[in-house]
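> Pasted the sequence and its predicted model underneath.
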Amino acid sequence: MSKKVLVPIADGSEEIEAVCIIDVLRRAGAEVTVASVEKDLQITASRGVKIVADAKIDDCANEEFDLIVLPGGMPGAERLRDSEPLAALLRRQKESEKPYAAICAAPAVSLQPHGLLEGRKATAHPGFVDQLQDPSAAESRVVADGIVVTSRAPGTAIEFALALVALLFGEKKAEEVAGPMLVAGR
């Protein structure tokens, strides 16, 4: 059975993080929906790369997801934070005790203000860790605390995405997906 994953994006989202998350989860067999929180499907990411979403966030409002993953980037993380439809999806995800995750600025900027890191250890981009309620795990590359997974920055994006594969599909699947990536990198 396929796992449904939502990856919301906005103008200013970090493209390496967004694309790594989408790519690695799709390689694992997840059904990934990329949803724009903007008025258009196409967003302009933080370094000027254009990304076209599958849907608008409003179209996803009544769907259930096995995982919601937020890329970082500025001002993308702020735009994700300010999307009420996304905030409602994230609150529902937390209440249903289903996983959600964020990388880079998004843990501190997008999740923290909505109380979605309450009682959880988390990490974030070094420029944002001082905004975390509990920065005790801030030096870690990837932090999994129950249903919440966070990571630091573009340099940890593949590691973060593989941790999400392990969460959804198990360690063996994460190793399968990582295998070609690690071999290709030699």
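Received, thanks. Residues are numbered from 1 along each chain as shown.
> Glu64: what's it in contact with?
Lys4, Ser96, Lys98 (CB atoms under 8 Å, 6 or more residues apart in numbering). (Each C-beta comes from the backbone N, C-alpha and C, glycine too.)
> residue ranges of the strands in the protein, please?
Assigned by DSSP state E, the strands in the chain fall at 4-9, 31-36, 42-44, 50-52, 55-56, 67-70, 100-103, 142-145, 148-151.
> what lines up beside the shortest one in the sheet?
Partner strands and pairing direction for strand 55-56 (DSSP bridges) are strand 31-36 (parallel).
> Show me the contact partners of the partner strand.
Contacts for strand 31-36 (CB under 8 Å, 6+ apart): 2-10, 18, 22, 25-26, 42-43, 51, 53-57, 59-60, 63, 65.
> Now which of those would you call buried?
3-10, 18, 22, 25, 43, 51, 53, 56-57, 60, 65 (16 or more other CB atoms under 10 Å).
> can you pull the contacts of Gln93?
Phe65, Ile68, Pro99, Tyr100.
> Go again with 7 Å.
Phe65, Ile68, Tyr100 (CB atoms under 7 Å, 6 or more residues apart in numbering).
> And Leu25, by the same measure?
Per CB under 7 Å, 6+ apart, neighbours of Leu25: Val5, Val32, Ala161, Leu164, Val165.
> Most neighbours among the residues you listed, please name it.
Ala161 (29 neighbours; other CB atoms under 10 Å).
> quick one: contacts for that residue?
Applying CB under 7 Å, 6+ apart, the residues near Ala161 are Cys20, Ile21, Val24, Leu25.
> Could you list which of those residues belong to helices?
Cys20, Ile21, Val24, Leu25 (DSSP state H).
> Highest neighbour count among those residues?
Counting by other CB under 10 Å, top hit in the ones in helices among the contacts of Ala161: Ile21 with 28 neighbours.
> Export the ones in helices among the contacts of Ala161 as JSON lines, with columns for distance to Lys172 and pLDDT.
As requested, the ones in helices among the contacts of Ala161 are exported to JSON lines (distance: CB to CB, whole Å; pLDDT from 0 to 100):
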{"residue": "Cys20", "distance to Lys172": "21", "pLDDT": "97"}
{"residue": "Ile21", "distance to Lys172": "20", "pLDDT": "98"}
{"residue": "Val24", "distance to Lys172": "15", "pLDDT": "97"}
{"residue": "Leu25", "distance to Lys172": "16", "pLDDT": "98"}
